[in-house]
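Asks: the sequence and its predicted three-dimensional model are supplied below.
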Amino acid sequence: MPSSSSTGRRAVLAALLVLPALTFIQWSQTTAAQEAPVEIPPPATDLADTGTTAKAVFAGGCFWGVQGVFQHVTGVTRAVSGYSGGAAETATYEQTGSGSTGHAETVEVTYDPSVVSYGKLLQIYFSVAHNPTQLNYQGPDHGTQYRSTIFPLSDEQADIARAYIAQLDETGLFEGPIVTTIEPFKAFYPAEQYHQDFLTLNPTWPYIAFHDLPKIAALKALFPDAYRDDPVLVGTL
């Protein structure tokens with residue numbers, strides 16, 4: 001098990017050790033409910049990508065689950081966990097975990113626009129990959145490094161994302177306003193190797209079982225046409 005600077009993830013393990021079984025089950029169900037998927041409409045407008053490959057960069061809490069979700073999306077050819085928002089010299093797990101680097105735990109998604117659109121990726125991101133109403137936290141993980149953020153790679157991506165946020169707020173489907181920010185993209189820095197494919201490699205780890213595997217189940221249930229059983233894995237960077 002890799003070491004973690006995340007107090008939220010440490011708290012999950014601590015709870016396993018000290019809480020009675022029933023109490024822990026009740027606590028985990030409450031936490032899971034905070035990140036429950038929301039069935040939402042697709043964007044009213046979408047990006048007209050051309051070519052066979054494009055990229056999108058999303059932050060939505062712990063990158064293990066976000067990466068895991070997009071690895072199961074048909075048309076995604078690569079999803080890498082990493083850091084965006086800060087400087088190159090602070091793009092490490094330990095430093096990002098301090099919440100003082102400007103980085104967010106981020107996933108760079110490479111996809112085939114002829115198979116899956118940017119709009120569909122946004123729909124999955126807002127619906128099942130994370131809860132976009134939680135400001136600077138996701139479930140048990142707290143800090144700006146867990147913020148909900150889109151790093152657009154073009155003006156067109158930024159425009160589509162802004163319009164979709166406004167559209168979703170108007171639906172009233174979420175329990176509160178969407179707090180997702182749209183931040184200028186500077187760079188993406190891949191995370192350490194032990195973070196890559198973490199969900200697939202550690203399906204019985206308590207944090208994954210309680211917080212991330214339900215996201216995969218929700219993806220399959222809400223987006224059956226976009227779901228694939230076999231994830232596209234990073235392997236060795």
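Replies: Noted; the coordinates are in hand.

Asks: quick one: secondary structure of residue 44?
Replies: Following DSSP: H, G, I helix; E, B strand; the rest coil, we place residue 44 in the coil state.

Asks: typo on my end, it should be residue 109
Replies: Applying three-state DSSP: residue 109 is strand.

Asks: please apply the same query to the one 10 residues further on.
Replies: Taking three-state DSSP as the rule, one finds residue 119 in the helix state.

Asks: contacts only, for it.
Replies: Counting by Cβ atoms under 8 Å, 6 or more residues apart in numbering, residue 119 touches 42-43, 45-47, 160, 164. In short, each C-beta sits where N, CA and C put it, glycine included.

Asks: tally of neighbours for the closest residue to it other than its chain neighbours?
Replies: If the residues on either side of it in the chain are set aside, residue 119 comes closest to residue 46, at 3.5 Å by Cβ to Cβ, 6 or more residues apart in numbering. By other Cβ atoms under 10 Å, 16 other residues sit near residue 46.

Asks: equivalent analysis for the one 10 residues further on, please.
Replies: As a burial measure, residue 56 scores 24 neighbours (other Cβ under 10 Å).

Asks: ok so it is a helix residue?
Replies: No. With three-state DSSP as the criterion, residue 56 is located in strand rather than a helix.

Asks: list the residues that contact it.
Replies: Residue 56 neighbours (Cβ under 8 Å, 6+ apart): 108-109, 111, 118, 121, 153, 157.
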